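S.K.: Sequence first, then the predicted structure:
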Amino acid sequence: MTLRSTTTLHSWLIASAIALACTTVAAQPTTPTPAKHSSPSPATALTTHSPTSATTAQPSVASTSEGTAGKSAKAAGAKKSADEPDTLILSDTLNYNDEKKESTFTGNVILTRGDMTLRADKLVTHEDADGFQYGTATVNPGNLVFVRQETPAKFQVIEARGLRAEYNGKTDQIEMIGKAIVTKFVCGKPFDTISGDRVTFNQKTNIYQAFGGANSAAQGGRVRSVAVPTAKSEAAAADCQKKSAKHPVKHP
């Protein structure tokens, strides 16, 4: 009998303590300090959340990175396609192959794409699934493909000549092949010239590469480079900037 009374009293004390604890917790701010408790078993940890943790399960690091990368790649591709300038091509004839998604222009071909102009006797172009354009320009014997790329903000013009030109719209790289000569003009004056069998220049990075060979525009099949000090080209651009408001820049 005594044991039963003690048990009842003990139960009543426990119930009172729990009620008091609940009242105290309810009166605390919305961010309570978590109570110390024993670590749950691994099985329990998968389904139990502490009061301060999010109730929505978070994706793994691998899935998050993969998803973000995939979305970024798609967004970049879509943005690139949307930002691509229109391409205008004039020619004597046009042959389009729908199966290959390939266009062949022949006869006094003139291509204008943004600030770039290309002149050739024949141009073959195609477009990939992401909307990037690629082209190969060639000429009849005795002629040279001509490419002109303007950068108005820098008062700069790049002119390139060669027997053949390859354009990669995804990397914005132009490659002149055979008797290749690339010249940079600043404010209408020539500054840097590179000659070789093959010369490539990237419109995004402004990186040039030249290679010698049997069809080099330089003597002995080598690469020839003439570079003017950067300070001079920068001074020319600054001078052109001052005069541009009153006198339009005349490009060669």
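M.R.: Structure received.
S.K.: all strands for the chain, in order.
M.R.: 87-90, 93-97, 102-113, 116-127, 133-138, 145-151, 156-162, 164-168, 173-186, 189-202, 208-211, 224-226 (DSSP state E).
S.K.: Spatially, what comes nearest to Arg198 if we skip its sequence neighbours?
M.R.: Closest residue to Arg198 apart from its sequence neighbours, by C-beta to C-beta, 6 or more residues apart in numbering: Phe211 at 4.5 Å. From N, CA and C alone the C-beta is placed, and that goes for glycine too.
S.K.: count of neighbours near that neighbour?
M.R.: The number of residues packed near Phe211 is 15, by other C-beta atoms under 10 Å.
S.K.: swap in Ala214?
M.R.: Ala214: 7 surrounding residues under other C-beta under 10 Å.
S.K.: How about the contacts made by the residue nearest to it when sequence neighbours are not counted?
M.R.: Excluding its sequence neighbours, the residue lying closest to Ala214 (C-beta to C-beta, 6+ apart) is Gly221, at 5.8 Å. By C-beta atoms under 8 Å, 6 or more residues apart in numbering, Gly221 lies in contact with Asp197, Gly212, Gly213, Ala214.
S.K.: I'd like the strands of the chain as CSV, with distance to Asp239 and mean pLDDT appended.
M.R.: Formatted as CSV, the strands of the chain follow (distance: least, C-beta to C-beta, whole Å; pLDDT from 0 to 100):
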stretch, distance to Asp239, mean pLDDT
strand 87-90, 33, 93
strand 93-97, 44, 96
strand 102-113, 29, 96
strand 116-127, 26, 95
strand 133-138, 35, 95
strand 145-151, 17, 94
strand 156-162, 14, 95
strand 164-168, 32, 95
strand 173-186, 10, 96
strand 189-202, 10, 94
strand 208-211, 24, 95
strand 224-226, 21, 94
